[in-house]
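Enquirer: One predicted model, sequence on top.
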Amino acid sequence: MNNWPAQHSSPYVNSLALPLQQYKVVRAIRMAGDLSRTDLARKLGYSRALISGVVKNLIARGILVEGEEAASTGGRRAKNLVFNDSFAYVFGIDIGATSVDLALANFRGEFLLRDARPLDVRDGPEAVLTEIAGIAQAMIDELGIPNDKVLSLGIGVPGPVDFARGVLIMPPIMPGWGEYPIRQKMRGIFPAATVMVDNDVNVMAMGELRGGAGKGVENFIFVKVGTGIGAGIVARGSIYRGSDGCAGDIGHIQADRNGPVCHCGNVGCLEAMASGSAISRLAMEVARDGRSPIMARYLEQGVERLTARHVGMAAHEGDRVAMAIIKESGSLIGSVLAGVVNFFNPSLILIGGGVAHIGTQFLANIRRSVLSRSLPLSTQNLRIDYSSMGDDAGVTGAVALALEHIFIAAE
Ligand SMILES: [Zn+2]
């Protein structure tokens, strides 16, 4: 049950409808950054004459401009087409459990201003979104951008999202946010904006896809290991969300049928055994029962709750028990990912999130476990690496999410 209005407007009420050919040209340039008319004709299978006409219309609408001259390949020099940077502005908003990271970007996706600050999602959607809207308002005021030039917002949140409706569904760490109409709230401040909401892991995968190690990779998986464990799936160059938006929820795949009970109610979930919170629980156990004198010392020195970071520090000091916790966590994640690899056959797995850099043994054991348990054919072209973007993946992905939903194809 919830008290919010039941009606949720379509995500695309504010999206600008473009004829299909114009839409395809815009999309191709969004993926590539810039393209010549010849590139466009080849990529889209249109004639040069047709491309010239479509491009002319897009330039007349203020969407495209002629860019720098492309490298000459002999004969006439071609000018590449790029987005008119002032056609629209967008916000990428990455909401974490205890922080928010905002970027104001132009139509080309270049960041103009950035703001990051602590913020507690437990304060509830009304207070949190009002504060975020206030920060965003101050950012556009600083650059003199009118509110109706903000054509899209991409928002990442740390909880399960119904992507079509733009609402959170029973988010475990965001009390009061379930079914809250984020779109209506943000459109109250940015009336011309399309508002897209997605879970943080999908948004991070999007960031890697558009601006990081996933650029140009057709099929890959982004795994976030933090307090929980989740994955964003990129299939054929797009985020794959599944029927209900919860594809990639690998944290609740069973890693051990005799394992501990997970907060979801099931037994032996990966998240209950290998996440940041599981590592923290194990660390407290081994510190209290004397198996890890080093971590016991941290407690004596006044640390209230040992976290994954402390386990990393202890391992660095040579604590074998801490090292074993890191290895076991990596192995468990790897064993679940091996199943994912056999099922999905990605060419890249990126590991990110707060626990990713707990120690070199972590990634090494993920790799070892995946390679030993997957079929040889599915791993021959598989690379497993750290996320290349670190803390920037979320906000970069949120900007990309916003940019990709400014337009829709007209019927
Ligand atoms: Zn679970």
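Expert: Noted; the coordinates are in hand.
Enquirer: Test my guess that Asp94 contacts Asp115.
Expert: No: in this structure, Asp94 is not within contact of Asp115 by C-beta atoms under 8 Å, at 11.0 Å. Where C-beta positions appear, they are placed from N, C-alpha and C, glycine not excepted.
Enquirer: what is in contact with the two at once?
Expert: Asp101, Leu102 (C-beta atoms under 8 Å, 6 or more residues apart in numbering).
Enquirer: Which helix or strand contains the closest residue to Leu64 other than its chain neighbours?
Expert: Leaving aside its sequence neighbours, Leu64 sits nearest to Leu58 (C-beta to C-beta, 6 or more residues apart in numbering; 4.3 Å). Assigned by DSSP states H and E, Leu58 belongs to helix 48-60.
Enquirer: how about that helix: buried residues?
Expert: Using 16 or more other C-beta atoms under 10 Å as the test for burial, helix 48-60 gives Ile51, Val54, Val55, Leu58.
Enquirer: which helices and strands sit right next to that helix?
Expert: Contacts defined by 3 or more C-beta pairs under 8 Å, 6 or more residues apart in numbering; DSSP states H and E place helix 48-60 against helix 20-32, helix 37-44, strand 64-69.
Enquirer: Now do the shortest one against helix 20-32, angle only.
Expert: Read that as strand 64-69. 40 degrees (axes from the mean of the first three to the mean of the last three C-alpha atoms, to 10 degrees).
Enquirer: Output the following helix or strand past strand 64-69 as CSV, nothing but the C-alphas.
Expert: Next along the chain after strand 64-69, taking DSSP H and E as the criterion, comes strand 79-83. The C-alpha coordinates for strand 79-83 follow below in CSV (Å, rounded to 0.1, in the frame of the first residue of the first chain):
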residue,chain,number,x,y,z
LYS,A,79,33.0,18.0,-42.3
ASN,A,80,31.9,15.9,-39.5
LEU,A,81,28.5,16.5,-38.0
VAL,A,82,28.2,17.1,-34.2
PHE,A,83,25.5,18.1,-31.8
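Enquirer: wait, Pro11 sits on Ala402?
Expert: No: assessed by C-beta under 8 Å, Pro11 is found out of contact with Ala402, at 11.7 Å.
Enquirer: who's more crowded, those two?
Expert: For Pro11 versus Ala402, neighbours defined as other C-beta atoms under 10 Å are more numerous around Ala402 (28 against 18).
Enquirer: What helices and strands are in contact with the lowest-mean-pLDDT helix or strand in the chain?
Expert: Scoring the helices and strands of the chain by mean pLDDT, DSSP states H and E places strand 64-69 at the bottom, with a mean of 85. Strand 64-69 sits against helix 20-32, helix 48-60, strand 79-83, with contacts defined as 3+ C-beta pairs under 8 Å, 6+ apart.
Enquirer: Overlap in contacts, Pro11 and Ala402.
Expert: Residues touching both Pro11 and Ala402 (C-beta under 8 Å, 6+ apart): Thr194, Met196.
Enquirer: where's the residue nearest to Leu64 relative to Glu300, distance?
Expert: 67 Å (C-beta to C-beta, to the nearest Å).
Enquirer: rewinding a little: quick check: angle from the least confident helix or strand of the chain to helix 48-60?
Expert: Counting by the same axes, to 10 degrees, strand 64-69 lies at 110 degrees to helix 48-60.
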